[in-house]
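A.B. asks: Provided below for reference: sequence and predicted model.
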2 protein chains.
Amino acid sequence: MNQNYSKFGEKFTCYSGITQLMDDLGKANHSDDENIIMLGGGNPALIPEAHDIFVSELQTLIDNNEVDQMLGYYDGPQGSEVFIEALVKMLNDHYDWILDEGNIAITNGSQSSFFSLFNLFAGEMPDDSKKKVLLPIAPEYIGYADQGLSANMFISVKPKIQDLDNQQFKYQIDFDQLEQTLKREDIGVICISRPTNPTGNVITDDELAKLDSIAQANNIPLIVDNAYGQPFPGVIYTNVSLSWNANMILCMSLSKLGLPGLRTGIVIANHDTVEAISRMNGILVLAPNSVGPSLLTRMIKDKALIPLANDVIKPYYQAKANIAVKLFNEVFGNSNAKLHKLEGAFFMWLWLPDLKITSEELYHKLKAKGIYIIPGHNFFIGMDDAWPHQHQCIRINYAKDEMTLMKGLKAIHQEAF
Amino acid sequence: MNQNYSKFGEKFTCYSGITQLMDDLGKANHSDDENIIMLGGGNPALIPEAHDIFVSELQTLIDNNEVDQMLGYYDGPQGSEVFIEALVKMLNDHYDWILDEGNIAITNGSQSSFFSLFNLFAGEMPDDSKKKVLLPIAPEYIGYADQGLSANMFISVKPKIQDLDNQQFKYQIDFDQLEQTLKREDIGVICISRPTNPTGNVITDDELAKLDSIAQANNIPLIVDNAYGQPFPGVIYTNVSLSWNANMILCMSLSKLGLPGLRTGIVIANHDTVEAISRMNGILVLAPNSVGPSLLTRMIKDKALIPLANDVIKPYYQAKANIAVKLFNEVFGNSNAKLHKLEGAFFMWLWLPDLKITSEELYHKLKAKGIYIIPGHNFFIGMDDAWPHQHQCIRINYAKDEMTLMKGLKAIHQEAF
């Protein structure tokens, strides 16, 4: 590309994992080619029952002349006040928290939230030292990887691998390594996605509590990326709870409810951090968009959103997860492929220990046949390349119809073995 | 605020002019206090005839089941393909340009566009030199001021002041100073808003052509912030034309059509720059929101948007501008206050040469009485503080009803004289 870009320009225009992912997704979503099998991307399913409700909410906004705010007025940089009020009340009622309106800021989606948060707490510090974002476990969300304004802003900890029955496994946080990393490196903030994108891992309540106390002991905030978690969209299949405290920054999103086109992120944090996000919003984007907040305020006020998550969205993905496991067993049962235990979100994380090519080569081979997956190496953020495991995994979005998923898995099996 | 923020964090959480402006705007827009007179902010008017059309477009999307893409799918990082196609065709038809789909990228609003563009072309360079954004004229849009990732990233040129009849004046680009600045400083990109926010100035076709050739001669891009300009919203009252070439980056927005809540920006540029914006979109926000593109694609395809701009939106603001001038003459006719010639956008830029206090003090006095304006000093970006003129000006949004504007102007007169 152009030689006259700034350092920022060079870094942020690299053809990165997330650019590739979103490029593939955009092209495949808009393609008329029915032979394309799109198992990449993080697009949620269009669940008819949920979608109908959202469309009917939009209709109600029109019918009640409430669409004016959505179209015609800038929200403040913190985001829609009525939406924030409704969220505060809902979360306090549901979890017995003591949030107030100064504890929530709205952004143009979680990706925006993370850009602001990572670069707020890590990178070049006023005293010219450099701080990093610590990812307690890798693989971790691909979208983080390129967001640092300075180089090498992430460091992650290689996970322990717990072997499970039925060709399944689960990553666990290696707390000894984590503590050593905290001693060795200058860490500004810890971040973990729960459920984890790309693996479907849900770290246990104990693990989260331990992370929380480590963060507090080190006087650094803990970001929990809750995009797939409770109370909405609620795509968690294990029995875990949600916690928050003033040292924790809980990031949520409307996307995985089925509303990714709206680009609405929610940040729940202490007053200082929320004020910081608001000010960054003002400078970066003036104000977050008003559409997501306008569309969902009524449902949140009337306590209709959590039931939708629990009664429609979670069961939908739970059923998809069951099918995914069944198809995995059918297609890969006679191989030594392994599947990460599906505890949440809607991704299968396949580990192919005997893969003769790299996961990236597998991605290109499959893409040439119209089958889109995400190669796993991009998810091992802030880790050197020495662990062969990093090139033996792929991510598959299983929020598809059974036939498409079956075709895709068979094609993967064919290329991989 | 917190002591543990990065350099970026400290810079981007300063309580800046744009934060103040958006804070005021959010609070005043959501206040039930009828005594508040909101003349700050850049919120467009809710023009009933235009608003009804947008609501009816939204209804059509619902009725035709076309709302799925808007809610349920991520666009690619470049933005909605069908929207870009429609824009390309419209602009080529209207202006005889030869754009293709690689010449347009969508963002989450113009503020986002500028963050990406300024920091792409200016700031710290790979060779450790620093380049600046050159503003050919100040006062210039307040929202630019804090967007630089590095310190002192803007430099502007003090304008010539042309005295006009009826207590009016007009800023003109001082090209000699501009050329000297280009020789003295390391400039990465030139940027001008046309119509200019905050003054309502529209630089002439000759001035623009001269800027364009200077930019080309210096091998740096020229950004034209066309948020209020042609072909939509078309809020220009003088007879000027719109041009584009591969060295020019034309930034447009849906906001001033009356759709600021949607946060949709449009960047028209050469292929490299559009590719760069797309990649930055991917990393910063995954994808721009789908709402603005979904809502306006039909109108653009059916050639309904430019007539709406020409027949409804422009005449609406033209009438408001005429009222603004009339009220200015009534209220300030016996003073030495001056009004910048209203050539476009919907701001009055008042120059009060005999103001005994600074414009910032005037802002605070008025705000205490519930009257919101924007003090002028924040618009003199990249200029030292030596010119008294910088503290003698205020910006007023006149897209209000006559009674409100009259009350506001009288209150300003009372405090200022």
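C.D. replies: Sure, I can see it. Being a predicted model, the structure only gives us computed values, none of them experimental.
A.B. asks: Every contact and neighbour count from this point should use C-alpha atoms.
C.D. replies: Will do.
A.B. asks: Report all helices and strands that the lowest-mean-pLDDT helix or strand in chain A contacts.
C.D. replies: Sorting the helices and strands of chain A by mean pLDDT, DSSP states H and E puts helix A:17-29 at the bottom, at a mean of 74. For helix A:17-29, the packing partners by 3 or more CA pairs under 8 Å, 6 or more residues apart in numbering or on different chains; DSSP states H and E come out as helix B:271-285.
A.B. asks: re the thing from before, for whichever helix or strand comes after the least confident helix or strand of chain A, name the packing helices and strands.
C.D. replies: Remark: after helix A:17-29, the chain's next helix or strand is strand A:37-38, criterion DSSP states H and E. Judged by 3+ CA pairs under 8 Å, 6+ apart, the packing partners of strand A:37-38 are strand A:371-372, helix A:402-416.
A.B. asks: How many neighbouring residues does the spatially closest residue to residue A:168 that is not a sequence neighbour have?
C.D. replies: Spatial nearest neighbour of residue A:168, chain neighbours left out: residue A:339 (4.7 Å); criterion: CA to CA, 6 or more residues apart in numbering or on different chains. By other CA atoms under 10 Å in any protein chain shown, 24 other residues sit near residue A:339.
A.B. asks: in the sheet, who's paired with residue A:339?
C.D. replies: Under the criterion DSSP bridges, residue A:339 forms beta bridges with residue A:168, residue A:350.
A.B. asks: what does the longest helix anywhere in chain A contact?
C.D. replies: Counting residues, the longest helix found in chain A (DSSP state H) is helix A:314-332. Residues outside helix A:314-332 that contact it (CA atoms under 8 Å, 6 or more residues apart in numbering or on different chains) are A:47, A:233-237, A:339, A:342, A:345-346, A:348, A:398-400, A:402, A:405-406, A:409-410, A:413.
A.B. asks: Return the members of those residues classed as buried.
C.D. replies: Buried residues within the contacts of helix A:314-332, counting neighbours by 16 or more other CA atoms under 10 Å in any protein chain shown: A:47, A:233-237, A:339, A:342, A:345-346, A:348, A:398-400, A:405-406, A:409-410, A:413.
A.B. asks: so what are the domain limits for chain A?
C.D. replies: Domains of chain A are assigned by automatic domain parsing as A:7-50+A:308-416, A:73-305.
A.B. asks: Return the distance of the shortest one from the chain's centre.
C.D. replies: This points to domain A:7-50+A:308-416. Taking the mean of its C-alpha atoms, domain A:7-50+A:308-416 sits 14 Å from the chain's own mean (CA atoms, centre = their mean, to the nearest Å).
A.B. asks: How far does that domain stretch from one end to the other?
C.D. replies: End-to-end distance for domain A:7-50+A:308-416, by CA to CA, to the nearest Å: 39 Å.
A.B. asks: ditto for the last one
C.D. replies: Domain A:73-305 stretches 25 Å from its first residue to its last (CA to CA).
A.B. asks: what does stretch A:121-130 give?
C.D. replies: OK, stretch A:121-130 end separation, CA to CA: 10 Å.
A.B. asks: any low-confidence regions in the stretch 151-300 of chain A?
C.D. replies: Of all residues in the stretch 151-300 of chain A, none has pLDDT under 70.
A.B. asks: ranges for the strands of it?
C.D. replies: A:154-156, A:160-164, A:168-172, A:187-193, A:222-225, A:248-253, A:265-268 (DSSP state E, counting those that start in this stretch).
A.B. asks: Show me what the second one packs onto, helices and strands only.
C.D. replies: The one in question is strand A:160-164. Counting by 3+ CA pairs under 8 Å, 6+ apart, strand A:160-164 packs on strand A:168-172.
A.B. asks: And for the longest one?
C.D. replies: Counting contacts by 3+ CA pairs under 8 Å, 6+ apart, the secondary-structure elements packed against strand A:187-193 are helix A:110-121, strand A:130-135, strand A:222-225.
A.B. asks: what does the stretch 251-400 of chain A put close to chain B?
C.D. replies: Proximity of the stretch 251-400 of chain A to chain B, by CA under 8 Å from any CA of the partner chain, involves residues A:258-263, A:272, A:276-277, A:279-280, A:282-291.
A.B. asks: Pull the longest helix of chain A out as PDB, backbone CA atoms only.
C.D. replies: Extracted C-alpha coordinates of helix A:314-332, given in PDB (Å, rounded to 0.1, in the frame of the first residue of the first chain):
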ATOM      1  CA  LYS A 314     -30.400 -19.900  24.300                       C
ATOM      2  CA  PRO A 315     -32.500 -23.000  23.400                       C
ATOM      3  CA  TYR A 316     -32.000 -22.300  19.700                       C
ATOM      4  CA  TYR A 317     -28.200 -22.300  20.100                       C
ATOM      5  CA  GLN A 318     -28.300 -25.200  22.600                       C
ATOM      6  CA  ALA A 319     -30.100 -27.300  19.900                       C
ATOM      7  CA  LYS A 320     -27.500 -26.200  17.300                       C
ATOM      8  CA  ALA A 321     -24.700 -27.200  19.700                       C
ATOM      9  CA  ASN A 322     -26.200 -30.600  20.200                       C
ATOM     10  CA  ILE A 323     -26.400 -31.100  16.400                       C
ATOM     11  CA  ALA A 324     -22.800 -29.900  16.100                       C
ATOM     12  CA  VAL A 325     -21.600 -32.400  18.500                       C
ATOM     13  CA  LYS A 326     -23.600 -35.200  16.800                       C
ATOM     14  CA  LEU A 327     -22.200 -34.200  13.400                       C
ATOM     15  CA  PHE A 328     -18.700 -34.000  14.700                       C
ATOM     16  CA  ASN A 329     -19.000 -37.500  16.100                       C
ATOM     17  CA  GLU A 330     -20.400 -38.800  12.800                       C
ATOM     18  CA  VAL A 331     -17.800 -37.100  10.600                       C
ATOM     19  CA  PHE A 332     -14.700 -37.200  12.800                       C
END
